[in-house]
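Trainee: this one's sequence-less:
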């Protein structure tokens with residue numbers, strides 16, 4: 001991709017800097033845009049090397065969805081370029097502080113003031129998506145980016161799905177297995193049709209647990225065994241952090257990582273949960289961060 005990167009993007013006013021990440025059929029590069037006057041991230045996808053289902057189904061879905069979403073906690077897309085040689089370029093908002101998974105791996109369990117800030121921002125992004133009748137379906141720490149000010153940015157909408165409703169206002173159930181097993185709700189692992197909104201809610205619980213405890217809530221090395229543990233609904237918190245977690249935080253996590261769909265927290269219940277009592281988003285600027 002090297003020569004193509006330089007030629008096409010230079011013509012569009014982008015100066016390529018360094019590689020941020022690389023996969024089997026894609027690369028993410030940092031670049032400076034002379035037109036925007038700022039650093040950006042450019043994801044380059046080689047559709048000729050990518051799997052057929054990705055090219056025909058998931059990539060078009062992401063290209064259709066991302067430009068429609070306008071929220072300060074969803075990564076902004078500035079430009080999408082599709083070249084005749086099968087390369088697709090997505091020019092996005094830069095996230096100088098990487099993703100949440102690496103952040104937690106470096107920092108360990110996060111203190112509650114930071115938890116509230118990040119989780120509030122994430123919930124705002126998902127609430128907005130659901131209000132636009134879009135479910136993400138691939139919520140995980142790797143898809144939560146942090147910009148230079150540590151603002152959370154939701155990204156990667158390849159598995160997102162527009163919601164359809166019947167005449168009674170009930171959402172049409174999904175049947176496609178999406179995302180990572182470690183973040184997937186038990187109804188998905190069981191292969192049952194599922195409400196994609198409630199799949200997002202379970203994944204939010206897994207993310208909140210990871211940020212609170214510093215590791216995954218379940219061992220996904222054996223999915224069948226993991227499912228049995230999930231269905232027993234006996235979530236445990238590691239002893240090294242349990243005493244430091246507030247009862248409200250534990251209750252919120254348990255209400256999300258809840259196998260019984262009739263008891264799993266909705267977004268409305270999460271946003272009004274006592275965990276957020278006294279939290280004022282306007283005070284976010286006063287939070288300081290440890291230098292990594």
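Mentor: It's in. Quick caveat, the model's predicted, so the values are computed rather than measured.

Trainee: ranges for the helices of the stretch 1-150 of the chain?
Mentor: 2-11, 52-53, 59-65, 100-107, 112-131 (DSSP state H, counting those that start in this stretch).

Trainee: buried set for stretch 268-278?
Mentor: 270, 273, 275-276 (16 or more other C-beta atoms under 10 Å). All C-beta spots, glycine's among them, are computed from the backbone N, C-alpha and C.

Trainee: equivalent analysis for stretch 202-218, please.
Mentor: 202-214, 217-218.

Trainee: with stretch 99-119 instead?
Mentor: Buried residues in stretch 99-119, counting neighbours by 16+ other C-beta under 10 Å, are found at 99-101, 103-104, 109-110, 112, 114-119.

Trainee: the strands in this protein, which residues?
Mentor: Here the chain has its strands, by DSSP state E, at 14-22, 26-33, 38-46, 77-82, 87-93, 134-135, 144-146, 152-154, 161-162.

Trainee: check which helices and strands the fourth one sits against.
Mentor: In other words, strand 77-82. strand 87-93 (3 or more C-beta pairs under 8 Å, 6 or more residues apart in numbering; DSSP states H and E).

Trainee: identify the residues contacting stretch 171-185?
Mentor: Defining contact as C-beta atoms under 8 Å, 6 or more residues apart in numbering, one finds that stretch 171-185 is touched by 135, 137-140, 159, 161, 163-166, 188-189, 191, 193-199, 202-203, 206-207, 216, 218, 220, 223, 226, 259.

Trainee: what about 6 Å?
Mentor: 137-138, 140, 159, 163-165, 188, 193-196, 199, 202-203, 206, 216, 220, 223 (C-beta atoms under 6 Å, 6 or more residues apart in numbering).

Trainee: of these, buried ones?
Mentor: Judged by 16+ other C-beta under 10 Å, buried ones among the contacts of stretch 171-185: 137-138, 140, 159, 163, 188, 194-196, 199, 202-203, 206, 220.

Trainee: re earlier: ok, the buried residues of stretch 202-218 vs residue 144, which is closest?
Mentor: residue 207 (7.2 Å; C-beta to C-beta).
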